[in-house]
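no sequence on this one, just coordinates:
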C-alpha cells in the first residue's frame with residue numbers, strides 16, 4: 001500500500017511517485033484537492049489500484065494533463081480528470097490532450113470506474129492500443145470535450161474512441177456511463193473492435209454514435225458490437241438528422257451488431273441506421289454474469305450513480321447532471337471560468353487499515369483491505 005500525502009505534481013508522497021513505483025500496489029489518499037499536473041501521469045508499471053474513494057472530501061481532481069495507461073491489471077476509481085485549454089494555443093502541440101488514454105500495446109484487464117472526464121482537446125478518452133483487450137469503462141461522466149479550442153483541426157469535441165493502429169481492441173465494456181455535451185464519438189467503435197455498450201445515457205450529442213472503419217487500412221478486420229438498454233436524449237445542440245446507432249457501410253465482411261431495448265427518447269424514428277447490413281438477431285458477444293437494466297430504469301440510475309463522487313458531486317458534475325434532467329446546457333469551447341473549487345484537505349488513512357489487510361476474514365475471496373475500499377466506494381457513491 002502506498003499513501004499519497006500531498007498534492008504536488010511529483011516527488012515523495014505524490015500521486016506520480018506512487019504511480020511510477022513498481023510491484024503490486026494499492027494507492028490510497030490522505031489528501032483531497034486538486035493536483036496541478038505539469039505533464040501526463042503515465043502508468044507503465046502494472047498491477048495497481050488507484051482508490052480515489054479513500055481521499056477525504058472533495059476527492060481528487062487532476063488538472064491540466066491526463067492519465068496514460070501503457071500496461072495491464074489496472075483499477076482506477078473515483079478520480080476526476082479535467083484537462084482544459086487555459087493558456088494553450090492552437091499550435092498542434094495539444095492535439096492529443098485527452099483526459100484518459102489507454103495506449104499500451106496488449107494492455108489488458110483494465111477497469112476505469114466512477115471517474116469524471118471533461119474538457120479534453122482531442123477526445124475526452126480513448127483506447128488507441130494494438131492488441132488491447134478486456135477493458136471496462138463503467139459509471140463515468142464523459143462530458144464537455146472542447147469544441148472550438150486549440151486543436152489544430154479546428155472544431156473538435158469527441159467523447160470516447162475505441163480503436164487502435166493495428167490489431168484493434170477486443171472485449172471492451174462500456175457500461176452505465178453518462179456522455180454529455182460532446183459533438184460525437186459517444187462512443188465510436190472503430191472497425192475491428194469488439195464491444196458491449198450497455199445502459200449508457202447519451203445527451204446533447206451532435207452526430208451519430210457510430211460503428212465504423214475510420215481508415216481503409218482496417219476494413220479487413222470484422223467488427224462486433226452489442227448495444228443493450230442505452231438511452232439517447234436530444235439536447236439544445238443535437239443534430240436533428242443524427243441516428244443514435246449507425247453502422248457505416250465500410251465495415252468488413254463478417255461484422256455484426258446486435259441492438260436490444262435501446263431508446264431514442266427525442267426522435268424514436270432515428271434510433272438505428274444499418275448502412276452495412278450487418279445487424280443480427282442474437283448478440284455476437286456478451287459480458288459474463290452481467291444483466292443489463294431495462295431502458296426505463298437507465299436514466300435515473302445513471303444520473304444518480306455516475307461520476308467521481310455521486311453522493312457529493314463537485315460543481316461541474318452537479319451542473320452537467322442537472323442539465324440532463326432539465327434538458328438544457330451547452331457544449332463548451334474553453335475551460336476558462338468553469339473550474340470547480342477543490343479545497344485542500346487531509347485525513348489519516350491508518351484508522352481504516354484492518355489488522356490483517358491481506359487476509360480474508362469472511363472468506364468471500366476479497367482481502368480485508370479490499371473490503372475497506374469497497375465500503376468507502378459505497379459511501380462516496382451514496383449507495
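Arrived safely. Quick caveat, the model's predicted, so the values are computed rather than measured.

mind showing which ranges of the stretch 51-200 of the chain have poor pLDDT?
86-87, 89-96, 148-156 (pLDDT under 70).

If we use 90, what do you get?
84-98, 104, 120-126, 128-130, 145, 147-159, 163-168, 183-186, 188, 190-191 (pLDDT under 90).

With the stretch 251-383 of the chain instead?
251-252, 330-338.

Could you rerun that using 80?
Within the stretch 251-383 of the chain, the ranges that satisfy pLDDT under 80 run 331, 333-335.

Break down it into its helices, ranges please.
For the stretch 251-383 of the chain, applying DSSP state H, counting those that start in this stretch gives helices covering 295-305, 315-326, 368-381.

Hmm, residue 146 is touching residue 85, no?
Yes - the pair residue 146 / residue 85 is scored as a contact, 5.9 Å apart, by C-beta atoms under 8 Å. Every residue, glycine included, has its C-beta placed from N, CA and C.

Mind listing the shared neighbours of these two?
Common contacts of residue 146 and residue 85 (C-beta atoms under 8 Å, 6 or more residues apart in numbering): 119, 121, 334-335.

so, if you compare those residues, which one comes nearest to residue 39?
For these, the minimum distance to residue 39 (C-beta to C-beta) is 15.0 Å, reached by residue 121.

What separation do you get for the closest one and residue 204?
To residue 204, residue 121 is 19 Å away according to C-beta to C-beta, to the nearest Å.

can you check residue 321 too?
Taking C-beta to C-beta, one finds residue 321 at 13 Å from residue 204.

and those two? which has more neighbours close in?
Shown here are residue 321 and residue 204; by other C-beta atoms under 10 Å, residue 204 has more neighbours (26 against 23).

Which residue is the nearest non-sequential neighbour of the more buried one?
residue 235 (2.5 Å; C-beta to C-beta, 6 or more residues apart in numbering).

which ones are touching the one you found?
Applying C-beta under 8 Å, 6+ apart, the residues contacting residue 235 are 180-181, 203-205, 323-324, 327-330.

one more time with 10 Å
180-181, 202-206, 266, 323-324, 327-331 (C-beta atoms under 10 Å, 6 or more residues apart in numbering).

Likewise for residue 116?
59, 61, 78-82, 99, 124, 140-143, 178, 306-310, 313-314, 316-317, 320.

next one: residue 17
2, 4-6, 8, 10-11, 27.

so which strand or helix has it?
In the assignment (DSSP states H and E), residue 17 maps to helix 15-20.

If you count neighbours, what's buried in that helix?
15-19 (16 or more other C-beta atoms under 10 Å).

Which strands or helices does the following helix or strand past it pack on?
Note on helix 15-20: by DSSP H and E, the next helix or strand toward the C-terminus is strand 25-29. If contacts are counted by 3 or more C-beta pairs under 10 Å, 6 or more residues apart in numbering; DSSP states H and E, strand 25-29 sits against strand 2-4, helix 15-20, strand 48-51, helix 368-381.

give me every residue that touches residue 379.
Here residue 379 is in contact with 53, 309, 311-312 (C-beta under 10 Å, 6+ apart).

same thing with residue 114?
52-53, 76-79, 138-141, 176, 305-310, 377, 380-381.

From what I see, residue 101 and residue 68 are in contact.
Yes - Residue 101 is within contact range of residue 68, at 4.8 Å (criterion: C-beta atoms under 10 Å).

okay, now residue 281: neighbour count?
7.

how about the nearest residue to it, chain neighbours excluded?
Nearest one to residue 281, counting by C-beta to C-beta, 6+ apart, is residue 258 at 7.5 Å.

Now do that neighbour against residue 227, distance only.
For residue 258 relative to residue 227 (C-beta to C-beta), the value is 7 Å.

So which of those two has more stuff around it?
residue 227 (26 against 19).

coming back round to it: including distance to residue 39, could the helices of the stretch 251-383 of the chain go into CSV?
Shown next, in CSV, are those (distance: least, C-beta to C-beta, whole Å):
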stretch, distance to residue 39
helix 295-305, 32
helix 315-326, 23
helix 368-381, 28
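
Out of the ones you listed, which is closest to residue 45?
Using C-beta to C-beta, the nearest of the helices of the stretch 251-383 of the chain to residue 45 is helix 368-381, at 19.7 Å.

Between strand 25-29 and that closest one, find me the angle.
40 degrees (axes from the mean of the first three to the mean of the last three C-alpha atoms, to 10 degrees).

Can you list the buried residues in helix 368-381?
Buried, per 16+ other C-beta under 10 Å, within helix 368-381: 368-373, 376-377, 380-381.

again with stretch 81-88
Buried-residue list, stretch 81-88, by 16+ other C-beta under 10 Å: 81-85, 88.

can you check stretch 162-174 too?
In stretch 162-174, counting by 16+ other C-beta under 10 Å, buried: 162-164, 167-174.

mind checking the end-to-end distance for it?
10 Å (C-alpha to C-alpha, to the nearest Å).

go on, stretch 222-238?
30 Å.

go on, stretch 266-275?
With C-alpha to C-alpha, one end of stretch 266-275 sits 22 Å from the other.

Identify all contacting residues around it.
With C-beta under 10 Å, 6+ apart as the criterion, stretch 266-275 contacts 203, 208, 210-212, 227, 230, 232-235, 238-251, 257, 259, 262-264, 279, 327.

need the helices for the stretch 51-200 of the chain, in chain order.
Counting by DSSP H, counting those that start in this stretch, the stretch 51-200 of the chain contains no helices.

Which two of the shared contacts of residue 146 and residue 85 have the greatest separation?
Farthest pair in the shared contacts of residue 146 and residue 85, by C-beta to C-beta: 121 and 334, 10.4 Å.

Looking at these two, which is more packed in?
More crowded of residue 121 and residue 334, by other C-beta under 10 Å: residue 121, with 27 against 16.
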